[in-house]
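In: okay, here's the prediction I keep looking at, along with the sequence it came from:
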Amino acid sequence: MSLEQQLIERLQQLQPTHLEVINESAGHGGYYPGKESHFKVVIVSEAFEGLRLVQRHQKIYTLAAELLAPNAIHALAIHAYLPSEWQGQAPDSPECAHAPKA
């Protein structure tokens, strides 16, 4: 099973009303087809009620802990919202300084 699918399955424990897991590996140095190293997570869940932003991130890191290892997920951008905060779109990811040049 792909890292992306494993991450999705783990995050389902938060019973999200919206979940996007985006593999952004192609925009980073050392990319090759099929590489899974950089991900962006956009998640909306009531499980974040009463939590500060850092606590929301900690909750996600706890679920993804085994996937955040050498030769696995190298970078994880997290955008965690309550349903009342969700505006329908997360910010774009910045360009990587080491991205492959076209």
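Out: That came in fine, so what should we check first? Numbers count the residues shown, from 1 in each chain.
In: tell me the pLDDT of residue 11.
Out: Here the pLDDT value assigned to residue 11 is 98.
In: that one contacts residue 20, correct?
Out: No: Residue 11 lies out of contact with residue 20 (CB atoms under 8 Å); the separation is 10.1 Å. Every residue, glycine included, has its C-beta placed from N, CA and C.
In: return the distance of the residue nearest the centre of the chain relative to residue 22.
Out: With the centre of the chain defined as its mean C-alpha position, the nearest residue by CA atoms, centre = their mean is residue 41, 2.6 Å away. Residue 41 sits 8 Å away from residue 22, going by CB to CB, to the nearest Å.
In: how about the nearest residue to the residue nearest to the centre of the chain once chain neighbours are set aside, secondary structure?
Out: Leaving aside its sequence neighbours, residue 41 sits nearest to residue 78 (CB to CB, 6 or more residues apart in numbering; 5.2 Å). Judged by DSSP: H, G, I helix; E, B strand; the rest coil, the three-state class of residue 78 is strand.
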